[in-house]
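Asks: Quick one, structure for this:
(2 chains)
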2 protein chains.
Amino acid sequence: MARRRDSNPVRELLRLPVGKPVDLSAYDAAATPGSPPGGKAAGIAATARMGEDLADLQERLWAAATAGDRRRLLLVLQGPDASGKGGTVKHVIGRFNPAGCRIHAFKAPTRQERHHDFLWRVEKALPRPGEIGVFDRSHYEDVLIAKVHSHASDDEIDRRYGRINAFEDRLSDSGVTLVKCFLHLSREEQCRRLLKRLDKPDKHWKFDPGDLDERARWPAYRQAYETAFSRCATSAAPWYLIPADHKWYRDWAVSSLLLEHLRELDPRYPKAGFDVRECRQRLLREG
Amino acid sequence: MARRRDSNPVRELLRLPVGKPVDLSAYDAAATPGSPPGGKAAGIAATARMGEDLADLQERLWAAATAGDRRRLLLVLQGPDASGKGGTVKHVIGRFNPAGCRIHAFKAPTRQERHHDFLWRVEKALPRPGEIGVFDRSHYEDVLIAKVHSHASDDEIDRRYGRINAFEDRLSDSGVTLVKCFLHLSREEQCRRLLKRLDKPDKHWKFDPGDLDERARWPAYRQAYETAFSRCATSAAPWYLIPADHKWYRDWAVSSLLLEHLRELDPRYPKAGFDVRECRQRLLREG
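Replies: Model prediction:
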């Protein structure tokens, strides 16, 4: 299908280059590209307005699946601690009917998961036809954490980029629209958010002292992200960089991306596979 | 724990008797017991107001689970076609953070599922600690559809009531709060809703001509429900009858029941398992 360039402005704005080196320092985490004039208040209002369209398109996608349409959408969220992956699920995915969402938060692999290939557990968490899938972290951790902590050899990490591309290509062919979002947070904003968590006792459960060790590896993570994006941004499954220092912008940008993708899918309510008039008559006859 | 009778008015109002015969014809499907004065508009407003408390309690339940609390809640929705099981998920469960919900719609068992005991597939769909689970239909279909259509012998159906009670007792002991809701719809309102589905092409996907065959078995289903409720309403896992002819009342009643149960659970944010001051200092030191 031909790309409708002008009707997908946010996609065009936020898409990382395909097959080229990526330099994350070139992107301002506090930027708000493409957002409606009026700043935060206008952005929040625009996001709320998208909610109804998102829910409507989700219902169409779900309805189409009942008639054999295999298409579905998978939102992949990556980003450092406190970049707002959970907040995106709450505020953006919260607009959908929860019955049609399949959300999976990937943690450190369990013993059983480690007995398998790194994509084994990912396959099990995939959305079914008609569903909106969400990965809060994903198979990309296997070339991020795994690389930074040398959980796998350089050769193995190198092979994984290719495996991820082959995997995503297969998903794409089977009707999965991948929307891969990197929540790009500045080191300074992460510090502010972590301090806030420490200041509020009802946020302590979100805090893990290990997050500070990860934070100390910021440059290594940056490099791992850059390599992952340059190796695994494909035309079938590009990466989008979401400046994430402003929560309202993050929600607006992810909502906009989902809306553009769902509109392009343009799912339709299926035609009745039965005789409507006959059913109507039977209902009235039998009372 | 002692029951706080007066603080759970909706529970008391809607709970079916335990261990006694149930006569569904004694319950008006258009009734609105306990709802705030002011009818539909007031009910809708009251339901919306509960949304924030529900989401707050869900976050506490989730947070508590990160520190080892095994408690969780399971909402079981049963009721005839068009009684609003899906609508309840959309409008009531939609108030929660979707990341903490595990929703399963039970369909006719697959070939694989039929190779196992009827509770096998149910075990796999249970909420994990901290989650809000929702069953749209459930193991009760195995004493409802299965009974009406004689998919199992009378002896086997008879055994299943006991198995369900043992299963739910075990769940309750392991920290699962069961909230079992029967959406009580009148035959007349079902007719109106099915006609509406037929009148709107974008609702045809929700309609199955087989629903009319089921509708013709209304008295047999009534009887099967009554037996299930009299056999499987226990003090650990009672059944609630939700008059469901008014959608606004259904949403208000289920929200109220969830709120009462979650308040009784009273989940707490866990205390920090780390040195907050030390982490704070490290963050400020390392910048």
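
Asks: Please count neighbours and contacts with C-alpha atoms only from this point.
Replies: OK.

Asks: the strands in chain A, which residues?
Replies: Along chain A, the stretches classed as strands by DSSP state E are A:72-78, A:101-105, A:132-136, A:176-184, A:239-243.

Asks: Dump these into TSV; add distance to B:Thr177 as well.
Replies: Listed next are the strands of chain A as TSV, based on distance: least, Cα to Cα, whole Å:
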stretch	distance to B:Thr177
strand A:72-78	32
strand A:101-105	23
strand A:132-136	27
strand A:176-184	36
strand A:239-243	39
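
Asks: Of the ones you listed, which is nearest chain B?
Replies: Minimum separation from chain B across the strands of chain A (Cα to the nearest Cα) falls at strand A:101-105, 6.1 Å.

Asks: Could you figure out how far that closest one is turned away from strand A:72-78?
Replies: For strand A:101-105 against strand A:72-78, the angle by axes from the mean of the first three to the mean of the last three Cα atoms, to 10 degrees is 30 degrees.

Asks: now strand A:101-105: mean pLDDT?
Replies: Mean pLDDT, computed over strand A:101-105, is 98.

Asks: So that strand, near chain B or not?
Replies: Yes. Against chain B, strand A:101-105 shows contacts by Cα under 8 Å from any Cα of the partner chain at A:Cys101, A:Ile103, A:His104.

Asks: which one is A:Leu54 nearest to, not counting chain neighbours?
Replies: A:Leu259 (6.0 Å; Cα to Cα, 6 or more residues apart in numbering or on different chains).

Asks: Please name the residues that touch the one you found.
Replies: With contact set as Cα atoms under 8 Å, 6 or more residues apart in numbering or on different chains, A:Leu259 has these partners: A:Met50, A:Asp53, A:Leu54.

Asks: Stretch A:130-149 - what's its average pLDDT?
Replies: For stretch A:130-149, the per-residue pLDDT averages 98.

Asks: Quick one: name the residues of the stretch 101-250 of chain A near chain B.
Replies: Residues of the stretch 101-250 of chain A lying close to chain B by Cα under 8 Å from any Cα are A:101, A:103-104, A:188, A:191, A:195, A:198, A:201-202, A:204-206, A:209, A:212, A:216.

Asks: Recalculate using a threshold of 10 Å.
Replies: A:101-105, A:134, A:136, A:187-188, A:190-192, A:194-199, A:201-210, A:212, A:215-216 (Cα under 10 Å from any Cα of the partner chain).

Asks: about what we covered before: dump the strands of chain A into JSON lines; add mean neighbour count as well.
Replies: Converted to JSON lines, those look like this (neighbours: other Cα atoms under 10 Å in any protein chain shown):
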{"stretch": "strand A:72-78", "mean neighbour count": "24"}
{"stretch": "strand A:101-105", "mean neighbour count": "21"}
{"stretch": "strand A:132-136", "mean neighbour count": "25"}
{"stretch": "strand A:176-184", "mean neighbour count": "23"}
{"stretch": "strand A:239-243", "mean neighbour count": "26"}
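
Asks: now, which of the residues of the stretch 101-250 of chain A next to chain B lie within helices?
Replies: A:187-188, A:190-192, A:194-199, A:210, A:212, A:215-216 (DSSP state H).

Asks: buried subset of the residues you listed?
Replies: Buried subset of those (neighbour count, 16 or more other Cα atoms under 10 Å in any protein chain shown): A:Gln190, A:Cys191, A:Leu194, A:Leu195, A:Arg197, A:Leu198, A:Leu212, A:Arg215.

Asks: Closest one to B:Trp239 out of these, please.
Replies: Looking at these and their distance to B:Trp239, the nearest is A:Arg197, at 40.6 Å (Cα to Cα).

Asks: Might you report the residue contacts of the closest one?
Replies: A:Ala82, A:Cys191, A:Lys203, A:His204, A:Trp205, A:Lys206, A:Phe207, B:Val276, B:Arg280 (Cα atoms under 10 Å, 6 or more residues apart in numbering or on different chains).

Asks: Can I get those in a markdown table including pLDDT?
Replies: Output for those, formatted as a markdown table (pLDDT from 0 to 100):
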| residue | pLDDT |
| --- | --- |
| A:Ala82 | 97 |
| A:Cys191 | 97 |
| A:Lys203 | 97 |
| A:His204 | 97 |
| A:Trp205 | 97 |
| A:Lys206 | 95 |
| A:Phe207 | 96 |
| B:Val276 | 97 |
| B:Arg280 | 96 |
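
Asks: closest to A:Phe167 among those residues?
Replies: Closest approach to A:Phe167 among these (Cα to Cα): A:Ala82, at 28.1 Å.

Asks: Which parts of chain A are helices?
Replies: A:9-14, A:39-66, A:85-91, A:111-114, A:120-124, A:145-148, A:154-173, A:187-199, A:210-216, A:218-232, A:247-265, A:276-286.

Asks: ranking the ones you listed by burial, who's on top?
Replies: Among these, ranked by average contacts under mean count of other Cα atoms under 10 Å in any protein chain shown, first place goes to helix A:247-265 (a mean of 21).

Asks: okay, the angle between that one and strand A:72-78?
Replies: If you take the same axes, to 10 degrees, helix A:247-265 sits at 150 degrees to strand A:72-78.

Asks: Tabulate the contacts of A:Arg197 (JSON lines), appending distance to A:His246.
Replies: JSON lines is the format used below for the contacts of A:Arg197 (distance: Cα to Cα, whole Å):
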{"residue": "A:Ala82", "distance to A:His246": "12"}
{"residue": "A:Cys191", "distance to A:His246": "14"}
{"residue": "A:Lys203", "distance to A:His246": "19"}
{"residue": "A:His204", "distance to A:His246": "22"}
{"residue": "A:Trp205", "distance to A:His246": "23"}
{"residue": "A:Lys206", "distance to A:His246": "19"}
{"residue": "A:Phe207", "distance to A:His246": "20"}
{"residue": "B:Val276", "distance to A:His246": "26"}
{"residue": "B:Arg280", "distance to A:His246": "23"}
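
Asks: export the residues of strand A:101-105 next to chain B to JSON lines and tack on distance to A:Leu265?
Replies: Output for the residues of strand A:101-105 next to chain B, formatted as JSON lines (distance: Cα to Cα, whole Å):
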{"residue": "A:Cys101", "distance to A:Leu265": "17"}
{"residue": "A:Ile103", "distance to A:Leu265": "21"}
{"residue": "A:His104", "distance to A:Leu265": "23"}
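
Asks: So which of those is the closest to B:Val179?
Replies: Nearest to B:Val179 among the residues of strand A:101-105 next to chain B is A:Cys101, at 22.2 Å by Cα to Cα.

Asks: That'll do, ta.
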